[in-house]
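Peer 1: Give me the fold of what follows.
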Amino acid sequence: MAHRLLRNVEADGWEGSDFPIICESCLGDNPYVRMTKADYDKECKTCTRPFTVFRWRPGRDARFKKTEICQTCSKLKNVCQVCILDLEYGLPVQVRETAMAINSTDVIPKSDVNREFFAEEHDRKARAGIDYESSYGKARPSDTILKLQRTAPYYKRNRAHVCSFYIRGECTRGAECPYRHEMPITGELAQQNIKDRYYGVNDPVAMKLLNKAGEMPSLEPPEDESIRTLYVGGLDERITEQDLRDNFYAHGEIESVRMVLQRACAFVTYTTREGAEKAAEELSNKLVIKGLRLKLMWGRPQAPKQDSEGTDEARQQAVAHSGLLPRAVISQQQNQIQDQSAPVQHYYNMPPPPSSHERTFYPSMDPQRMGAVVVSRILFTYHPIN
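Peer 2: Residues are numbered from 1 along each chain as shown. Sure thing, here's the model as predicted:
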C-alpha cells in the first residue's frame, strides 16, 4: 500500500498508538528506557499499512530496536512487535501452533487486498470495543510448550550486530567499535525473515526447537520398587517448601519434603510408588516454579548405616581432640583404639596420657615441643683418691 495524503487518517486504517506491544526481552533490563515515537513512519512488514514506530535502546551495550509490525497484526497472533515471538511463552509461532494444533495459516489472508481489508476490519472492531476472535490464551498449553517455553528474559538477543569491517579485516576502531568483533553464524539459522516467522512457515528456529523437544529424554522409573523419592535441583532462596508441596501434591500424598539449600536441591518423598511415578511423568522437563526451570530426577537408594560402637567412639574422641592435638597424635590415638595390644608410642618425648585423677597434659606444656632445647643430664660418680 503506497503512502498517500489523507484527510481522515483513521478512515484509511492507518494505525496510531501510544505504547508498543513488546516482550520483556526486547524491552531490556534498564528500568529507565527512553523511546522515540514517529507517527505513521513505516509500513507494517506483514499488512503494509502505515503505523506508529517506536525506537529505543534496551541497554548500554545493546543495539537500537524498533517495532516491525503494527499492533493489529501483533494482536492477531499474540506476538511481540519486534521479535515476532509469542508474548506468553517466548516461542516462535510455528512451534506454538504445531504444539497446540492450531491451524491459522488460512485464517489470515496473504494477498495484498484481502490482507489489508482483514487488518482494517479487526482494527475497526478494536476501536469499537469488539474483541476479535482468537484461540490464543484459551487453550491449555501442551507438553511441548511446557518443555520449550522461555521462563526468563533472554537479553543476549539485544546484542549489537556483527561488524562488517571486522569480517573483511578492515575495522580500525578496535575497542571503540560499537559492533561485535566476531565471525557471523552461518547455516540455516542465518536464513530468517519476518513473514515466515509471523505466518509460522519454514522457520528454521522453530524447526530446531521442535527437534530439540523430540530428543528430550523421558524420566524412566528405577527398578527398585522401594524408591519413592524425587530429586529436585536448581533451587534458590525464593522457592520455599510450600511451593514444592503446591506443585507436587496433585499427583499423590506427600510423605515428606526435605530441602538442602546448601546444595540448591530438595527431596520429595511420596507415600506410594504410584504417586512418585505419576509426578515424574507429569513434571519431567516441565517443572517451572517462580520462573525457574527445575531439574527433576529419581532419588537414589540410601546405603545402610553401620552401627559400630568402636567406630563411633573413635570418631567422637578424634573430634574431641581435633582442636587440641596435632594431626599425628590424632592418628596415633585412633590406631591405639583399633589395636589395644599394640605398644604405646608417644610423640617425641611426650609423657603418656594421664589417668582420670591426674592433671590434664597439653602439647603446649612440653618445652621441647614449643622449641626449647633440653640438655641431657649426666650422672657424675665421686671416687676418692687413695
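Peer 1: And stretch 38-52, what's buried?
Peer 2: 40, 43-47, 49-52 (16 or more other C-beta atoms under 10 Å). C-beta here means a position set from N, CA and C on the backbone, and glycine is covered the same way.
Peer 1: just stretch 193-206 next, same as before
Peer 2: For stretch 193-206, burial by neighbour count (16+ other C-beta under 10 Å) applies to 196-200, 203-206.
Peer 1: Kindly report the same for stretch 156-170.
Peer 2: In terms of neighbour count (16+ other C-beta under 10 Å), stretch 156-170 has its buried residues at 158, 163, 166.
Peer 1: Name the residues linked to the nearest residue to the first one once chain neighbours are set aside by a beta bridge.
Peer 2: Nearest in space to residue 158, with sequence neighbours left out and distances taken as C-beta to C-beta, 6 or more residues apart in numbering, is residue 62 at 3.9 Å. Under DSSP bridges, the beta-bridge partners of residue 62 are residue 159.
Peer 1: Got the confidence number for residue 62?
Peer 2: Reading off the confidence values, residue 62 has pLDDT 88.
Peer 1: Tell me which residues touch it, please.
Peer 2: Counting by C-beta atoms under 8 Å, 6 or more residues apart in numbering, residue 62 touches 28, 155, 158-160.
Peer 1: from those residues, which single one is nearest residue 234?
Peer 2: Minimum distance to residue 234 across the contacts of residue 62 is 20.0 Å, recorded for residue 155 (C-beta to C-beta).
Peer 1: Next, count neighbours for that closest one.
Peer 2: 18 (other C-beta atoms under 10 Å).
Peer 1: where does the nearest residue to it once chain neighbours are set aside land in three-state SS?
Peer 2: Distances taken as C-beta to C-beta, 6+ apart place residue 29 nearest to residue 155, at 5.8 Å, with adjacent residues excluded. Assigned with DSSP: H, G, I helix; E, B strand; the rest coil, residue 29 falls in the coil class.
Peer 1: hey, where'd the strands end up in the stretch 151-300 of the chain?
Peer 2: Counting by DSSP state E, counting those that start in this stretch, the stretch 151-300 of the chain has strands at residues 229-233, 254-260, 265-270, 288-289, 292-293, 295-298.
Peer 1: The last one pairs with which strands?
Peer 2: Strands that pair with strand 295-298, judged by DSSP bridges, come out as strand 229-233 (antiparallel).
Peer 1: got it, and the fifth one?
Peer 2: Listed by DSSP bridges, the sheet partners of strand 292-293 and their directions read strand 288-289 (antiparallel).
Peer 1: How about residues contacting the partner strand?
Peer 2: Identification of contacts with strand 288-289 by C-beta under 8 Å, 6+ apart yields 146, 149, 151, 239, 243-244, 247, 294.
Peer 1: Would you list the buried entries among these?
Peer 2: With burial judged by 16+ other C-beta under 10 Å, the buried subset of these is 146, 149, 239, 243-244, 247, 294.
Peer 1: Report all helices and strands that the lengthiest strand in the chain contacts.
Peer 2: Counting residues, the longest strand in the chain under DSSP state E turns out to be strand 35-43. For strand 35-43, the elements it packs on are strand 50-56, judged by 3 or more C-beta pairs under 8 Å, 6 or more residues apart in numbering; DSSP states H and E.
Peer 1: try it again with 10 Å
Peer 2: Packing partners of strand 35-43 (3 or more C-beta pairs under 10 Å, 6 or more residues apart in numbering; DSSP states H and E): strand 50-56, strand 65-66.
Peer 1: what's the angle from that strand to strand 50-56?
Peer 2: 140 degrees (axes from the mean of the first three to the mean of the last three C-alpha atoms, to 10 degrees).
Peer 1: In the sheet, which strands lie alongside strand 35-43, parallel or antiparallel?
Peer 2: strand 50-56 (antiparallel).
Peer 1: Report the mean confidence score over the partner strand.
Peer 2: Throughout strand 50-56, pLDDT has a mean value of 93.
Peer 1: Many thanks, I have nothing further to ask.
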